[in-house]
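Novice: following is a predicted model, sequence given first.
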Amino acid sequence: MPNPWQSEAYRFLLYLFASFGAGWLTNELSAALFLGLLAYLARHLINLYRLERWLRRGAGAIRPASNGIWREVYYDLSRLKRQDKRRKKRLGKILNRFRKATAALPDGTVVLGPNDEIHWFNSAAGRLLGLKNTDIGQHIGNLVRHPKFTGHLAFRNYEKGISIPAPRNPDTIIGIRIVRYGKGLRLLLAQDITRIKQMETMRRDFVANVSHELRTPLTVLTGYLENLQEFPDMPPDRWVRSVDSMAEQAARMRALVDDLMLLTRLETKIPDVVNQYVDMPEMLTGLCHELSALQPTPARIQLQIESSAAVLGNETELRSAVSNLITNALKYSPAESVVTVGWVDEGANARLDVIDAGEGIAAEFIPRLTERFYRVDVNRSRQQGGTGLGLAIVKHVVNRHGGELKIKSEVGKGSCFSVRFPEERILKNQEDAVMKL
Ligand code: ADP
């Protein structure tokens, strides 16, 4: 195939020679040259017009016939058009397949625009959230009006999901998660979690009932065992040992039942009932005195109160969490070592530190410590009268107060358990107390 630019150059020369010849014959050289160039320009203008019309008519239009460089231009453009058509078709098919797949999903999916307007949703989302096709373009907060949902949407921090009753059927509980993608777009995922919630409630009720039912017989048993221990004519040594051992085991069971009941209470209570003025320096001083009195070496606990901040929270829960942390520090460190309890300001927040110079915890165990019944060394924990629930209780209490639990530890050197309370729960002066209480 000849080079199109070469043949175009020949064509131009042809126009030039023809007009030059005509000019020479007619003795009107400039006029003939002008007319020749005009004819050449007109050819290009006509082709430009055809090209524009052809492009405007879209994919179906017939390619205009031409020659020279214009034939090349038309040919290349029609090739691009064909490619574009094929690509569009392929994309359309992929999009269709994707839509069919998401439509078949049992979980609801809604594509939200930058202003929370609905761009698209699948049929499961329609069913779960009560959306109709005419709702496309509407603000989702106007259609799903639960305050928890509108608050979550407005808060724009989607790290944690929420659960709300379905708008059309309050017996159905839906779990909602929002994830960001693309520029300003978000994907809302809705799932029917009624069954999971029911199972969770069943598990909680079961643990609560069993613990409750065990408590009464345990109280009776412990009472009799205490009577027996105080009985002046207690038969031989063998019996004394057995009764002591029974009393010890009964006390362990009681501690376990008490911890289980406390955990259930923490799980079922609404988070925002914790709103008392808790004088942390006073509480920590009292608690450290009580725990020191129970220790064979009373000077083990060193209290360092560097902040006068009080906490807006639930005193019983906070007491129980701090007591668990200090008891652990005492349990898992040598009998003569010091345990430091610190209460310090951290900017607008305040922090509680419980530091021991004990055995420490290897890094791989730290993430699991707050799981129920998780112990690094089960035998060691049992020997110390541990239930394996202490840190689970601490984590729940800290979460309920919007705080953060951090554990730093080094094997053989000791551990530091820190609880940071957020600014909104910290009362540093009278004004704070008036505003936040
Ligand atoms: P336990 O009743 O067994 O003490 P916890 O939930 O309070 O249960 O603690 C879980 C586990 O974490 C403990 O069994 C222990 O292995 C580890 N642990 C907790 N606190 C400390 C600490 N201060 N030093 C070393 N290990 C600790």
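Specialist: Now that the structure is in, tell me what you want to look at.
Novice: where does the most centrally placed residue in the chain sit, in terms of helix or strand?
Specialist: The centroid of the chain falls nearest to Glu159 when counting by C-alpha atoms, centre = their mean (2.6 Å). Using DSSP states H and E, Glu159 sits in no helix or strand.
Novice: okay, buried residues for stretch 417-434 please.
Specialist: Residues Phe417, Ser418, Val419, Arg420, Phe421, Arg425, Ile426, Leu427, Asp432 are the ones in stretch 417-434 that count as buried (16 or more other C-beta atoms under 10 Å). Yep, even glycine has a C-beta here, placed from its N, CA and C like the rest.
Novice: now do it: everything it contacts.
Specialist: 277, 307-313, 321, 325, 328-329, 345-346, 348-355, 394, 398, 401-408, 436-437 (C-beta atoms under 8 Å, 6 or more residues apart in numbering).
Novice: how about it as PDB, C-alpha atoms only?
Specialist: Written as PDB, here are the backbone C-alpha positions of stretch 417-434 (Å, rounded to 0.1, in the frame of the first residue of the first chain):
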ATOM      1  CA  PHE A 417      -1.900  -2.300  81.200                       C
ATOM      2  CA  SER A 418      -3.100   1.200  80.300                       C
ATOM      3  CA  VAL A 419      -6.600   2.500  80.000                       C
ATOM      4  CA  ARG A 420      -7.100   5.800  78.200                       C
ATOM      5  CA  PHE A 421     -10.400   7.600  78.900                       C
ATOM      6  CA  PRO A 422     -11.700  10.000  76.200                       C
ATOM      7  CA  GLU A 423     -12.100  13.700  76.700                       C
ATOM      8  CA  GLU A 424     -15.900  13.600  76.800                       C
ATOM      9  CA  ARG A 425     -15.700  11.300  79.900                       C
ATOM     10  CA  ILE A 426     -13.000  13.300  81.700                       C
ATOM     11  CA  LEU A 427     -14.000  15.900  84.300                       C
ATOM     12  CA  LYS A 428     -11.000  18.100  85.200                       C
ATOM     13  CA  ASN A 429     -12.700  21.000  86.900                       C
ATOM     14  CA  GLN A 430     -16.000  22.400  88.100                       C
ATOM     15  CA  GLU A 431     -16.900  23.700  84.600                       C
ATOM     16  CA  ASP A 432     -16.400  20.300  83.000                       C
ATOM     17  CA  ALA A 433     -18.600  18.800  85.700                       C
ATOM     18  CA  VAL A 434     -21.400  21.300  85.000                       C
END
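Novice: so who does Arg319 touch?
Specialist: Applying C-beta under 8 Å, 6+ apart, the residues contacting Arg319 are Met283, Leu287.
Novice: and it, which helix or strand is it part of?
Specialist: For Arg319, the enclosing helix or strand under DSSP H and E is helix 315-331.
Novice: next: Ser418.
Specialist: strand 414-421.
Novice: residue ranges with poor pLDDT in the stretch 301-437 of the chain?
Specialist: Scanning the stretch 301-437 of the chain for pLDDT under 70 picks out 430, 433-434, 436-437.
Novice: repeat that with 90
Specialist: Where the stretch 301-437 of the chain drops to pLDDT under 90, the residues are 335-336, 347-348, 377-387, 424, 428-437.
Novice: all helices of it, in order?
Specialist: Along the stretch 301-437 of the chain, counting by DSSP state H, counting those that start in this stretch, helices occupy 315-331, 378-383, 390-400, 430-436.
Novice: make a markdown table from the ones you listed and add distance to Leu131 to it.
Specialist: Below are these laid out as a markdown table (distance: least, C-beta to C-beta, whole Å):
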| stretch | distance to Leu131 |
| --- | --- |
| helix 315-331 | 41 |
| helix 378-383 | 51 |
| helix 390-400 | 33 |
| helix 430-436 | 39 |
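Novice: what residues are up against Asp192?
Specialist: Contacts of Asp192 by C-beta under 8 Å, 6+ apart are Pro106, Leu128, Ala166, Thr172, Ile173, Ile174.
Novice: what's the answer for Met246, then?
Specialist: Going by C-beta under 8 Å, 6+ apart, Met246 touches Leu221, Leu225.
Novice: quick one, phi/psi of it?
Specialist: Backbone dihedrals for Met246, given as degrees, to the nearest 10, come out at phi -60, psi -40.
Novice: surely Glu72 meets Pro4?
Specialist: Yes: look at Glu72 against Pro4 with C-beta atoms under 8 Å: they come within range, at 4.2 Å.
Novice: give me the nearest residue to the residue in the stretch 151-300 of the chain that the ligand sits nearest to, chain neighbours excluded.
Specialist: Nearest residue of the stretch 151-300 of the chain to the ligand, counting by C-beta to the nearest ligand atom: Asp259, 8.1 Å away. Leaving aside its chain neighbours, Asp259 sits nearest to Leu389 (4.0 Å; criterion: C-beta to C-beta, 6 or more residues apart in numbering).
Novice: let me see the contact set for that neighbour.
Specialist: Residues near Leu389 by C-beta under 8 Å, 6+ apart: Leu256, Asp259, Leu260, Leu263, Arg372, Phe373.
Novice: change it to 7 Å
Specialist: Asp259, Leu260, Leu263, Arg372, Phe373 (C-beta atoms under 7 Å, 6 or more residues apart in numbering).
Novice: give me the neighbour count for the last one.
Specialist: A total of 12 residues lie near Phe373 under the criterion other C-beta atoms under 10 Å.
Novice: relative to Ile196, how far out is the closest residue to it other than its chain neighbours?
Specialist: Closest residue to Phe373 apart from its sequence neighbours, by C-beta to C-beta, 6+ apart: Gly388 at 4.0 Å. Distance, Gly388 to Ile196, using C-beta to C-beta, to the nearest Å: 25 Å.
Novice: okay, these two: which has more neighbours?
Specialist: Taking other C-beta under 10 Å, Gly388 and Ile196 do not tie; Gly388 has more neighbours (16 against 13).
Novice: what comes up buried for the helix or strand Thr216 falls within?
Specialist: Taking DSSP H and E as the definition, Thr216 sits inside helix 194-230. Residues of helix 194-230 classed as buried by neighbour count (16+ other C-beta under 10 Å): Thr194, Val207, Ala208, Ser211, Leu214, Arg215, Leu218, Leu221, Thr222, Leu225, Leu228.
Novice: for stretch 8-28, same thing?
Specialist: Tyr15, Ser19, Ala22, Gly23.
Novice: what does stretch 94-111 give?
Specialist: Buried residues in stretch 94-111 (16+ other C-beta under 10 Å): Thr102, Asp107, Gly108, Thr109, Val110, Val111.
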